[in-house]
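Q: build me a model from this:
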Amino acid sequence: MKIFLLAAFLIMIMSSVSFANVDEFKKTDPEFYEFFRNFSYDEVVKQTKLDSRTRYMAIIATLLGCQGLDEFRAILPEAIENKVTPSEVKEIIYQGTAYLGIGRTRGFLKAANEIFESLGISLPLPNASTTTPENRIELGNQAQVDIFGEGMKGFQNSGSLETRHINRWLAGNCFGDYYTRKGLNLKEREMITFCYISAQGGCEPQLIAHAKGNFMVGNDKEFLIDVISQCLPYIGYPRSLNAISCVNKAGE
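A: Predicted coordinates for the structure are as follows:
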């Protein structure tokens, strides 16, 4: 009975904040409220073939990329209501640190913790690491190979002497510390990486490379364009059109 009441209470809380990202403007900016909500929650959503969980995961990653912290606070309860688990949210934020830096993820991690605690979600969450200090570079490089192909084998030892440490960090930190964790599979991790990069803009070479990585793990062109379309209300047209251009170049 207690579990049922708690579940009902959480649903009531989450339901009350649905569309909270625009509801605050209903009285002060009624015209904006109408056309933005109609576009974002009706027209855009009707266009997608993504399941709601994948859609919200992409939006969360996009909000990290564009630094939409207020929007993240408003939409996170909706994401949880649509079957994005707390562990998946944490994995999206953790991995975002490799692509955005702690300077742009700290606020999101603090906001997620505050929202989780308000919803009665106990912290810390269970450990999800699968590597050790001894094997993180090896397993990280294997993730690079799995995503980008055999040409990445031994990447940690490549490059000039001046920059080789960066390639070692990419293998051990970016891929070894993050991509090997439980909670998200490689297809999901490459999808959210694509979202981080497309949302921050100015990283088109990396975006093309990760579009190819998405293709390699099974996220095809149609899927990526669907992801871009669902994230367009959160980053606007210029960065969305740039992302589509990068997907097209990756497919050439």
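
Q: can you pull out the helices in the stretch 51-200 of the chain?
A: Secondary structure of the stretch 51-200 of the chain by DSSP state H, counting those that start in this stretch: the helices cover 52-66, 69-81, 86-100, 102-118, 136-148, 164-169, 186-200.

Q: can I get those in CSV including mean neighbour count, mean pLDDT and distance to residue 223?
A: C-betas here are computed from N, CA, C, even on glycine. As requested, the helices of the stretch 51-200 of the chain are arranged in CSV below (neighbours: other C-beta atoms under 10 Å; pLDDT from 0 to 100; distance: least, C-beta to C-beta, whole Å):
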stretch, mean neighbour count, mean pLDDT, distance to residue 223
helix 52-66, 24, 98, 9
helix 69-81, 20, 96, 19
helix 86-100, 22, 98, 18
helix 102-118, 15, 98, 25
helix 136-148, 20, 98, 15
helix 164-169, 15, 98, 29
helix 186-200, 25, 98, 8
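
Q: quick one: which of those helices is nearest residue 212?
A: helix 136-148 (7.3 Å; C-beta to C-beta).

Q: work out for me the element the residue nearest to residue 201 when sequence neighbours are not counted sits within.
A: In space, and not counting its chain neighbours, residue 201 is closest to residue 239: 4.9 Å by C-beta to C-beta, 6 or more residues apart in numbering. Using DSSP states H and E, residue 239 sits within helix 237-250.

Q: centre of the chain to that helix, how far?
A: Centroid separation for helix 237-250 versus its chain: 17 Å, with C-alpha atoms, centre = their mean, to the nearest Å.

Q: give me the pLDDT for residue 41.
A: On the pLDDT scale, residue 41 is placed at 88.

Q: related to what we said a few turns ago, what's near enough to touch the residue nearest to residue 201?
A: Contact analysis of residue 239 by C-beta atoms under 8 Å, 6 or more residues apart in numbering lists 66, 198, 199, 201.

Q: do I have it right that the third one meets residue 60?
A: No: in this structure, residue 199 sits apart from residue 60 without contact. The criterion is C-beta atoms under 8 Å, and the distance is 10.7 Å.

Q: okay then, goodbye and thanks.
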